[in-house]
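Undergrad: Predicted model follows, preceded by the sequence.
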Amino acid sequence: MEKRLILRGVIAGAVGGLLAFVFARIFAEPQIAKAIDYENARDAAQAALDRAAGLTPEAPGPDLFSRTVQADVGVGVGLVFFGMAMGALFAVVYAVCLGRVGRVRPRTLALLVAGAGFLGFYLVPFLKYPANPPAIGHEDTIKARTGLYLVMVVCSVALLGLTAWLGRRLQARFGTWNATLLAGAFFVVAIGVIMAVLPSLGHLAVNREEFGDHATETPQPLTDPAGRIVYPGFPADVLFTFRLYSVGAQLLMWGAIALVFGPLAERVLAPAARSAGPVPAADPVGA
């Protein structure tokens, strides 16, 4: 049964990834194009400043893939495969939760697991290290940024699992409602401490040395030797819109996984439920 559930999780993840790609292609891609235009214009302004100072501007490297290939094939294939991976992981967690979270309908359990996946794998890490479009991020900090983001994801998922375990442990003593509130408070406090300990991207050594002490890697206004602004900083509306649509794409993907997987899981679980016979009524849990 587990293999059949995982297969259906992969199918649901592929559907979710495809829907996320369509959403991102329509809404997020124009923001990416604006960010690339900003980056090109800023590079041209920096090259003009270098020439005025008697320096030789660094020649840009060739693009291995065109923007059309990147926006259509690259993003599409990447999101579909990412959705399939998340769908398989979702199905494994779903199978583990079966029979261990009380009498919950398959579709309801699918929504709960998908909500936890969206929260743990994306939304909580996003609050500390949000998604950025092109032109944001120093090339010398790629390794540090990747490592910090992965640390944030691991901590978020681990704390989410620990919170679920804690809620179950507290349920018998405090009731479902109070146990949920206590476990939720534990998660918020613990993840808040982790976010406070982990450095902001603008505080990385390379960024401090070259750009000063800033909270993020968002490009600041470009100035000439006299301190006059020759090119503005990165547009705030482009950054906000891109991040908003990034959250929307992930929410759409995880929602699609839950909605597609739920009915498929019911078909797999229905024969097993019938062969197991009637299930005795569960004792009510005190509030």
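TA: Sure thing, it's come through. Residues are numbered from 1 along each chain as shown.

Undergrad: which residues sit against stretch 195-204?
TA: Residues external to stretch 195-204 that are found in contact with it (Cβ atoms under 8 Å, 6 or more residues apart in numbering): 127-129, 137-138, 141, 144-145, 148, 151-152, 207-208, 211, 213-218. Where C-beta positions appear, they are placed from N, C-alpha and C, glycine not excepted.

Undergrad: Let's see which of these end up in helices.
TA: Of those, the ones assigned to helices by DSSP state H are 127, 128, 144, 145, 148, 151, 152, 207, 208, 211.

Undergrad: Contacts only, for the fifth one.
TA: For residue 148, the contacting residues are 129, 198, 199, 201, by Cβ under 8 Å, 6+ apart.

Undergrad: So it versus residue 192, what's the distance?
TA: Going from residue 148 to residue 192 by Cβ to Cβ, to the nearest Å gives 16 Å.

Undergrad: Please apply the same query to the third one.
TA: Residue 144 is 22 Å from residue 192, where distance means Cβ to Cβ.

Undergrad: Between the two, which has more neighbouring residues?
TA: More crowded of residue 144 and residue 192, by other Cβ atoms under 10 Å: residue 144, with 16 against 11.

Undergrad: ok, now which ones touch the more buried one?
TA: 204, 206.

Undergrad: can I assume residue 82 is in contact with residue 17?
TA: Yes. Using Cβ atoms under 8 Å, residue 82 is in contact with residue 17, at 5.9 Å.

Undergrad: Those two: which is more packed in?
TA: Taking neighbours as other Cβ under 10 Å, residue 82 and residue 17 compare with residue 17 leading, 27 against 17.

Undergrad: Show me the helices in the chain, by range?
TA: Taking DSSP H to define them, one finds helices in the chain at 2-23, 29-52, 67-68, 75-97, 106-117, 124-128, 142-197, 205-211, 236-276.

Undergrad: between these, which one is nearest to residue 226?
TA: Counting by Cβ to Cβ, residue 226 lies closest to helix 29-52 out of the helices of the chain; the figure is 11.1 Å.

Undergrad: what residues does the closest one touch?
TA: Contacts of helix 29-52 (Cβ under 8 Å, 6+ apart): 56-57, 60, 67, 71, 75, 133-136, 219, 222, 224, 230-231, 234-235, 238, 241-242, 245.

Undergrad: What of stretch 4-13?
TA: Contact with stretch 4-13 is made by 83-92, 94-95, 253, 256-258, 260-261, 264-265, 268, as judged by Cβ under 8 Å, 6+ apart.

Undergrad: Give me the distance from that stretch to the chain's centre.
TA: Centroid displacement of stretch 4-13 relative to its chain, using Cα atoms, centre = their mean, to the nearest Å, is 20 Å.

Undergrad: Buried residues, it. List them.
TA: Using 16 or more other Cβ atoms under 10 Å as the test for burial, stretch 4-13 gives 5, 6, 8, 9, 10, 11, 12, 13.

Undergrad: Now do the contacts for residue 170.
TA: Taking Cβ under 8 Å, 6+ apart as the criterion, residue 170 is in contact with 178, 179, 182, 183.

Undergrad: so the last one touches residue 160, yeah?
TA: No. Counting by Cβ under 8 Å, residue 183 stays clear of residue 160, with 10.1 Å between them.

Undergrad: Could you pull up the residues touching the residue nearest to residue 163 when sequence neighbours are not counted?
TA: Counting by Cβ to Cβ, 6 or more residues apart in numbering, residue 187 is the residue found nearest to residue 163 once chain neighbours are left out, at 4.2 Å. Going by Cβ under 8 Å, 6+ apart, residue 187 touches 159, 160, 163.

Undergrad: Reformat the residues you listed as a markdown table; add pLDDT, distance to residue 113 and neighbour count.
TA: Below are the contacts of residue 187 laid out as a markdown table (pLDDT from 0 to 100; distance: Cβ to Cβ, whole Å; neighbours: other Cβ atoms under 10 Å):
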| residue | pLDDT | distance to residue 113 | neighbour count |
| --- | --- | --- | --- |
| 159 | 97 | 16 | 19 |
| 160 | 95 | 11 | 18 |
| 163 | 95 | 14 | 22 |
